[in-house]
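Undergrad: this one's sequence-less:
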């Protein structure tokens, strides 16, 4: 009897242990969440709204993860749809893995909003347009910067675009360097500050002190970058100093919280560089005045500056520079290259780094920084190993304190080898070129667009070809393989596969926080004519 009683006690215990809700075994959840990811949404104010089961509307303003507010009961069905498509620019987003029965938290819904398309976002389809300023500080559909070449352009953390200066049309139609500041947000331009007329001197104020009256002089061909705090930095270029001289500059400025601060360099144009000791930072060090240089920003917020057309450490005239500088913690360091202008390239052996390797003096080059923090330099107007001065298509990498010649030719004026559009190949290469734009995507791939250079049928012109450099190979992504191609504008604000900017050089551009390329103006082709442009474009990789 004792044995049988023990069995009777054990059986119920086993029964309850195998059922949900028994001692030490909580019941399964009664509801599950619905979530996923959004990819290739163009801007942070695009207007995308998602729905689950015809309700529970969820506005989405950025790429990345999302989750609906309302969980659904276990065993219930879910169906994720796009209730409102993005409108700024217009996109058609699609849903994958969007429906099923919830037996666990759903995490794999995917919203894809397209890629590899251009959108004409603003500006005129005609050349040589005068600026329309409107009211200071007030956005309006009619507002637009005038046609201009090489302004400074950057994107802030909110995805808004900013533009400063450039050489172009002011409010009176005069063709001059400018120092007006603009913001583009939600499809409209706002004139933020600065004069509406060109040719203005800088108001430097006190070094290191921000004031409402401080402003860089009118300029173009400057280098610029943004730091991780969202501050905008501007160095040099060709323009007006504090006393009205127009020449090459080496002043450094910061724009933050609506005010400009003069941070370093000279308030007077045509200043020689102070190199100090190579590799040693010093308060007195400063690059010489220059324009058409290139700049990178690394993951530690250090800015790197290479070359340009300007002043070396001692000469009284400008030349092609090949010096490399780093700006960190408020001081410049001369890192590599000679303190003398007009130095020939030293190529060494392709893909082999060496302390003696050196890109020749150059200006108007292309540049990007990869995921490992290596600096990349392509083309420009340069001196090759034999001292020939012309457009070139050599590719260089700076890593570990040394330059490596990675590809392209040592001889100038090489034609482009396009291959098949969209297909990477070791034999593909952009031709010799200068004065285009470049940037890197989130994966560290390099991108270049346009400029003045060589197409495939043995002629030079203003280009609109787009290239990607990845894993050691070039891919011709879009645009024409001949120079001086016309723009295809399409409908303003709508991404479409057939849209493309026309051939151009001396434009400005850069990537926003979503990895899209923004491109403004330059000298190029629109509606069959060539001149100063003020069209704004966005490209989604």
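TA: Structure received. Remember, it's a predicted structure, so these values are computed and weren't measured experimentally.

Undergrad: so what secondary structure elements neighbour the helix or strand harbouring residue 180?
TA: Secondary-structure element containing residue 180, defined by DSSP states H and E: strand 175-185. Of the remaining helices and strands, those touching strand 175-185 by 3 or more CB pairs under 8 Å, 6 or more residues apart in numbering; DSSP states H and E are strand 161-169, strand 188-193, strand 219-220, strand 232-240. C-betas here are computed from N, CA, C, even on glycine.

Undergrad: recalculate using a threshold of 6 Å.
TA: With contacts defined as 3 or more CB pairs under 6 Å, 6 or more residues apart in numbering; DSSP states H and E, the secondary structure elements packing on strand 175-185 are strand 161-169, strand 188-193.

Undergrad: list the buried residues in the last one.
TA: Neighbour counts over strand 188-193 (16 or more other CB atoms under 10 Å) mark 188-193 as buried.

Undergrad: mind checking the end-to-end distance for stretch 166-181?
TA: 10 Å (CA to CA, to the nearest Å).

Undergrad: circling back: can you list the helices and strands packed on strand 175-185 in CSV and add mean pLDDT and distance to residue 49?
TA: What follows is the helices and strands packed on strand 175-185, written out as CSV (pLDDT from 0 to 100; distance: least, CB to CB, whole Å):
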stretch, mean pLDDT, distance to residue 49
strand 161-169, 96, 24
strand 188-193, 98, 21
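
Undergrad: re earlier: tell me which of the buried residues of strand 188-193 is nearest to residue 278?
TA: residue 193 (39.0 Å; CB to CB).

Undergrad: residue 482 reaches residue 455, doesn't it?
TA: Yes - using CB atoms under 6 Å, residue 482 is in contact with residue 455, at 4.9 Å.

Undergrad: and these two? Which one has more around it.
TA: Residue environment comparison for residue 482 versus residue 455 gives the larger neighbour count to residue 455, 24 against 16, counting by other CB atoms under 10 Å.

Undergrad: show me the contacts for the more buried one.
TA: 416, 481-483 (CB atoms under 6 Å, 6 or more residues apart in numbering).

Undergrad: next one: residue 97
TA: Contacts for residue 97 were tallied using CB under 6 Å, 6+ apart; they are 108-110.

Undergrad: and stretch 47-62, which residues are buried?
TA: In terms of neighbour count (16+ other CB under 10 Å), stretch 47-62 has its buried residues at 47-48, 50-53, 56, 58, 60-62.

Undergrad: other residues contacting that stretch?
TA: Counting by CB under 6 Å, 6+ apart, the neighbours of stretch 47-62 from elsewhere in the structure are 34, 38, 44, 66, 68, 70, 78-81, 83-84, 86-87.

Undergrad: same deal with stretch 343-356?
TA: Counting contacts by CB under 6 Å, 6+ apart, the residues touching stretch 343-356 from outside are 322, 357-361, 383-385, 387, 402, 404-405, 410.

Undergrad: can you rerun that using 8 Å?
TA: Residues from elsewhere that reach stretch 343-356 (CB atoms under 8 Å, 6 or more residues apart in numbering): 320, 322, 337, 357-361, 382-387, 394, 399-407, 410.

Undergrad: count the neighbours of residue 279 for me.
TA: A count of nearby residues for residue 279, using other CB under 10 Å, gives 11.

Undergrad: pLDDT value on it, please?
TA: Reading off the confidence values, residue 279 has pLDDT 98.

Undergrad: wait, it sits on residue 332?
TA: No - with contact taken as CB atoms under 8 Å, residue 279 and residue 332 are classed as non-touching, separated by 11.9 Å.

Undergrad: domain assignment for this protein?
TA: The record, using automatic domain parsing to delimit domains, assigns the chain the ranges 30-112, 118-540.

Undergrad: ranking those by mean pLDDT, which is last?
TA: When I compare the domains of the chain, domain 30-112 is least confident, with a mean of 91.

Undergrad: end-to-end on it?
TA: Using CA to CA, the end-to-end distance of domain 30-112 comes out at 30 Å.

Undergrad: cool, stretch 95-108 as well?
TA: Taking CA to CA, stretch 95-108 runs 11 Å from one end to the other.

Undergrad: how about stretch 103-116?
TA: 37 Å.

Undergrad: check stretch 94-108 too.
TA: With CA to CA, one end of stretch 94-108 sits 14 Å from the other.

Undergrad: what do you get for stretch 419-426?
TA: One end of stretch 419-426 to the other measures 10 Å (CA to CA).

Undergrad: equivalent analysis for stretch 206-215, please.
TA: Using CA to CA, the end-to-end distance of stretch 206-215 comes out at 12 Å.

Undergrad: contacts for that stretch, please.
TA: Stretch 206-215 is touched from outside by 179, 193-194, 202-205, 254, 256-257, 259-264, with contacts defined as CB under 8 Å, 6+ apart.

Undergrad: which of those residues are buried?
TA: Buried residues within the contacts of stretch 206-215, counting neighbours by 16+ other CB under 10 Å: 179, 193-194, 202-205, 254, 259-264.

Undergrad: and which of those residues is nearest to residue 274?
TA: The shortest separation between residue 274 and any of the buried ones among the contacts of stretch 206-215 is 11.1 Å, and it belongs to residue 264 (by CB to CB).

Undergrad: now the nearest residue to the closest one once chain neighbours are set aside: phi and psi?
TA: Using CB to CB, 6 or more residues apart in numbering and skipping the chain neighbours, the partner closest in space to residue 264 is residue 252 (4.1 Å). Residue 252 adopts backbone torsions of phi -120, psi 130, taken as degrees, to the nearest 10.

Undergrad: now residue 429
TA: The phi/psi pair for residue 429 (degrees, to the nearest 10) reads phi -160, psi 140.

Undergrad: filter the contacts of residue 97 down to just the ones in helices.
TA: Taking DSSP state H as the definition of helices, those contribute nothing to them.

Undergrad: which of the residues you listed are buried, as a PyMOL select command?
TA: Buried members of the contacts of residue 97, defined by 16+ other CB under 10 Å, are picked up in PyMOL with:
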select buried, resi 109
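
Undergrad: about what we covered before: most surrounded residue in the contacts of residue 455?
TA: For the contacts of residue 455, neighbours were counted by other CB under 10 Å; the highest total belongs to residue 416, with 25 neighbours.

Undergrad: who are the contact partners of that one?
TA: Taking CB under 8 Å, 6+ apart as the definition of contact, the neighbours of residue 416 are 429-431, 453-456, 465, 481.

Undergrad: picking up where we left off before, report the buried members of the contacts of stretch 47-62.
TA: Among those, those classed as buried by neighbour count (16+ other CB under 10 Å) are 34, 38, 44, 66, 68, 78, 80, 83, 86.

Undergrad: please name the bridge partners of the first one.
TA: It stands for residue 34. The residues paired with residue 34 through beta bridges, assigned by DSSP bridges, are residue 106.

Undergrad: please enumerate the helices of the protein.
TA: Listed in chain order, the helices found in the chain under DSSP H are 2-17.

Undergrad: returning to that earlier point: could I get the contacts of residue 455 as JSON lines with distance to residue 436?
TA: Formatted as JSON lines, these follow (distance: CB to CB, whole Å):
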{"residue": "416", "distance to residue 436": "12"}
{"residue": "481", "distance to residue 436": "15"}
{"residue": "482", "distance to residue 436": "16"}
{"residue": "483", "distance to residue 436": "12"}
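
Undergrad: out of these, which comes closest to residue 118?
TA: Closest approach to residue 118 among those (CB to CB): residue 481, at 16.7 Å.

Undergrad: list the contacts for the closest one?
TA: Taking CB under 8 Å, 6+ apart, we find residue 481 in contact with 416, 418, 455-457, 465.

Undergrad: mind redoing it with 10 Å?
TA: Residue 481 is in contact with 416-419, 421, 431, 455-457, 463-465, counting by CB atoms under 10 Å, 6 or more residues apart in numbering.

Undergrad: many thanks, we can stop here.
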